[in-house]
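Participant: sequence and computational prediction follow.
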Amino acid sequence: MQGSYTPKQGQYLAFIYYYTKIHGRSPAEADMQGYFRVSPPAVHQMILSLEKMRLIERTPGQGRSVKLLLPREQLPDLM
């Protein structure tokens, strides 16, 4: 549902969507860290929050396994 996440969370979701579309694989936390210019713990906390809210899912122990659980029309544009 649109609006069920904060604007900042929306940007992370949009980044995951576009990164996956362009590169054919989901982003690593380091990719998000570079794009948003934040610390590794900040990215990790965001991923955990989005996962807890069931907006994404990951495969434990597997890198680049972030999968969006929202359709494109429920995502904001990437700023």
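Facilitator: Thanks, I have the structure now. Residues are numbered from 1 along each chain as shown.
Participant: ok, M79 to L68 distance?
Facilitator: 18 Å (C-beta to C-beta, to the nearest Å). Using the backbone N, CA and C atoms, a C-beta is placed for each residue, glycine as well.
Participant: ramachandran coordinates for T59?
Facilitator: The phi/psi pair for T59 (degrees, to the nearest 10) reads phi -100, psi 120.
Participant: so what's it up against?
Facilitator: T59 makes contact with S65, according to C-beta atoms under 8 Å, 6 or more residues apart in numbering.
Participant: related to what we said a few turns ago, M79 and L68 - which one has more neighbours?
Facilitator: Set side by side, M79 and L68 show more neighbours around L68, with 18 against 8, by other C-beta atoms under 10 Å.
Participant: report the beta-bridge partners for that one.
Facilitator: Beta bridges link L68 to I56, judged by DSSP bridges.
Participant: count of residues packed around A28?
Facilitator: Other residues lying near A28 total 15 when counted by other C-beta under 10 Å.
Participant: now I47
Facilitator: 17.
Participant: isn't there a strand covering it?
Facilitator: No. Assigned with DSSP: H, G, I helix; E, B strand; the rest coil, I47 falls outside any strand and is helix.
Participant: from what I see, it and R58 are in contact.
Facilitator: Yes. Counting by C-beta atoms under 8 Å, R58 is a contact partner of I47 at 7.3 Å.
Participant: now do the shared contacts for these two.
Facilitator: Common neighbours of I47 and R58 (C-beta under 8 Å, 6+ apart) are V66.
Participant: quick check: most distant residue from the centroid of this structure.
Facilitator: Using C-alpha atoms, centre = their mean, the residue of the chain lying farthest from its centre is G61. It sits 17.1 Å away.
Participant: in this structure, which helix is the longest?
Facilitator: helix 7-23 (DSSP state H).
Participant: buried ones in the next helix-or-strand element following it?
Facilitator: Moving toward the C-terminus from helix 7-23, the first helix or strand encountered (DSSP states H and E) is helix 29-36. Neighbour-count burial for helix 29-36 flags 29, 31-33, 35 (criterion: 16 or more other C-beta atoms under 10 Å).
Participant: from P60, how far off is Y35?
Facilitator: Distance from Y35 to P60, by C-beta to C-beta: 24 Å.
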